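K.L.:
Take this sequence and fold it.
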Amino acid sequence: MELHITGDPAADKLLSDDAFALLTGMLLDQQVTMESAFAGPEKIRTRIGSMDPAAIAGYDPQKFVEMFKESPAVHRFPGSMAGRVQSLAETVQNEWGGDATAIWTQGDPDGPEVLRRLKALPGFGEQKAKIFLALLGKRCGLRAEGWREAAGHYGQENAFLSVADIVDPESLSKVRASKQAAKAAAKAAKTAGH
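P.N.:
Prediction:
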């Protein structure tokens, strides 16, 4: 599996090779561009020397925030997002034995169960969990029964709705356009409602 999300070969390789890095990129994917969010794990790995959940969970929280702030910043909200990444690392370490892939493989779960497990993670709401489930199914070879249905419209074939649908610069542009259209529609609906 090779992911092409960030435009940075080292960052994409880390996402392709390390399930916890991919999970962390998904966590960081809010209020910043997708490329920036998914490049975050490589910045963390470079700066602290590891993307191991135990190492991140055990890192001094204040120093972790400072590392997030180093230029270029890991995220535009370093304080809250550094805390979320450490909470995620702690959960993966304590509940999944430090193995992020166990979340979607342990006990051979079906799609709805994987979705339930993802939603139980710190910082993963319904939408983020569905997008990540679609990413696992479309790009990472997840074969859990019913994953497409559990991922909702993000699981649709040939949809360009999220990071799950990015394979190259062209698909990235399509996803960006559909996200902008969705934002515009939501804004228009909100305006119409007032």
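K.L.:
So which residue is dead centre in this structure?
P.N.:
The residue lying closest to the centre of the chain (CA atoms, centre = their mean) is Met26, at 1.1 Å.
K.L.:
Give me the secondary structure label for the nearest residue to it once chain neighbours are set aside.
P.N.:
Nearest residue to Met26, sequence neighbours excluded (CB to CB, 6 or more residues apart in numbering): Phe132, at 4.8 Å. To be clear about C-beta, it is placed using only N, CA and C from the backbone, and glycine gets the same treatment. Secondary structure, DSSP: H, G, I helix; E, B strand; the rest coil: Phe132 is helix.
K.L.:
Can you check the pLDDT for Phe132?
P.N.:
Per-residue pLDDT puts Phe132 at 95.
K.L.:
What is the burial count for it?
P.N.:
When neighbours are defined as other CB atoms under 10 Å, Phe132 has 30 of them.
K.L.:
so where's the longest helix in the chain?
P.N.:
For the chain, the longest helix by residue count, based on DSSP state H, is helix 169-192.
K.L.:
What's the mean pLDDT across it?
P.N.:
In this model, helix 169-192 has a mean pLDDT of 84.
K.L.:
hmm, who's touching stretch 169-187?
P.N.:
The contact list for stretch 169-187 (CB atoms under 8 Å, 6 or more residues apart in numbering) reads Ile5, Gly7, Met34, Phe160, Leu161, Ser162, Val163, Asp165, Ile166.
K.L.:
Same check on stretch 54-71?
P.N.:
Residues contacting stretch 54-71 (CB under 8 Å, 6+ apart): 43-44, 47-50, 74-75, 78-79, 81-83, 85-86, 89-90, 93-94, 98.
K.L.:
and those residues, which of them are in helices?
P.N.:
Using DSSP H, the contacts of stretch 54-71 in helices are 43-44, 47-48, 78-79, 81-83, 85-86, 89-90, 93-94.
K.L.:
Closest one to Lys190 out of those residues, please.
P.N.:
Within those, proximity to Lys190 (CB to CB) peaks at Met81, which comes in at 25.8 Å.
K.L.:
Thank you kindly, that will do.
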